[in-house]
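**Student:** My questions are about this predicted structure, shown below with the sequence.
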Amino acid sequence: MPETYFHVRWPDGATQRCYSPSTVVEDYFSAGGEYGLADFVERSRTALGIAGERVKEKFGFHCTGASDQLAQIERTAAAYTSVPGAKVTVESLTGADGSPR
């Protein structure tokens, strides 16, 4: 499966590299895109859920990397729920080799 990374900037400026086992995240995020916190979390749930299912269809098991990444996103996002108008920016999308997507 073509791994994809989406690099995000949280409302406080902290950055994080997030993993997806599938390019499906490209359907939900765009490089430079800014998303409200709840929208970002919901898009992450959807995209990583689909990515995990694609792995299951192909290999017969669900991808723990996708579910672990979602759990990490949800934990991080919880710290910003009290920030009015909190936004998350997807700075870039890259392949496993670091090339832009």
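**Tutor:** Yep, that arrived.
**Student:** quick one, longest helix in this structure?
**Tutor:** Taking residue count as the measure and DSSP state H as the definition, the longest helix of the chain comes out as helix 37-59.
**Student:** quick one: low-confidence ranges for this structure?
**Tutor:** Low-confidence segments of the chain, defined by pLDDT under 70: 1.
**Student:** Next, the buried residues of the strand or helix carrying Ile73.
**Tutor:** Taking DSSP states H and E as the criterion, the element that holds Ile73 is helix 64-78. Across helix 64-78, burial judged by 16 or more other CB atoms under 10 Å covers Gly65, Ala66, Gln69, Leu70, Ile73, Thr76, Ala77. Heads up, the C-betas are built off the backbone N, CA and C, glycines and all.
**Student:** could you measure the fifth one against Tyr80, distance?
**Tutor:** By that I understand Ile73. From Ile73 over to Tyr80 the distance is 11 Å, taken as CB to CB, to the nearest Å.
**Student:** same thing with the first one?
**Tutor:** Noted for Gly65: a distance of 24 Å to Tyr80, by CB to CB.
**Student:** what helices or strands is the helix holding Ile73 leaning on?
**Tutor:** Contacts defined by 3 or more CB pairs under 8 Å, 6 or more residues apart in numbering; DSSP states H and E place helix 64-78 against strand 15-20, helix 37-59.
**Student:** In contact with the spatially closest residue to Lys56 that is not a sequence neighbour, which residues are there?
**Tutor:** When the adjacent residues along the chain are set aside, Lys56 lies closest to His62, with 4.8 Å between them (CB to CB, 6 or more residues apart in numbering). Listed by CB atoms under 8 Å, 6 or more residues apart in numbering, the contact set of His62 reads Gly52, Glu53, Val55, Lys56.
**Student:** surely the last one meets Cys63?
**Tutor:** Yes - A contact is recorded between Lys56 and Cys63 when judged using CB atoms under 8 Å, the distance being 7.3 Å.
**Student:** which of the contacts of His62 count as buried?
**Tutor:** Burial by neighbour count, judged by 16+ other CB under 10 Å, picks out Gly52, Val55 from the contacts of His62.
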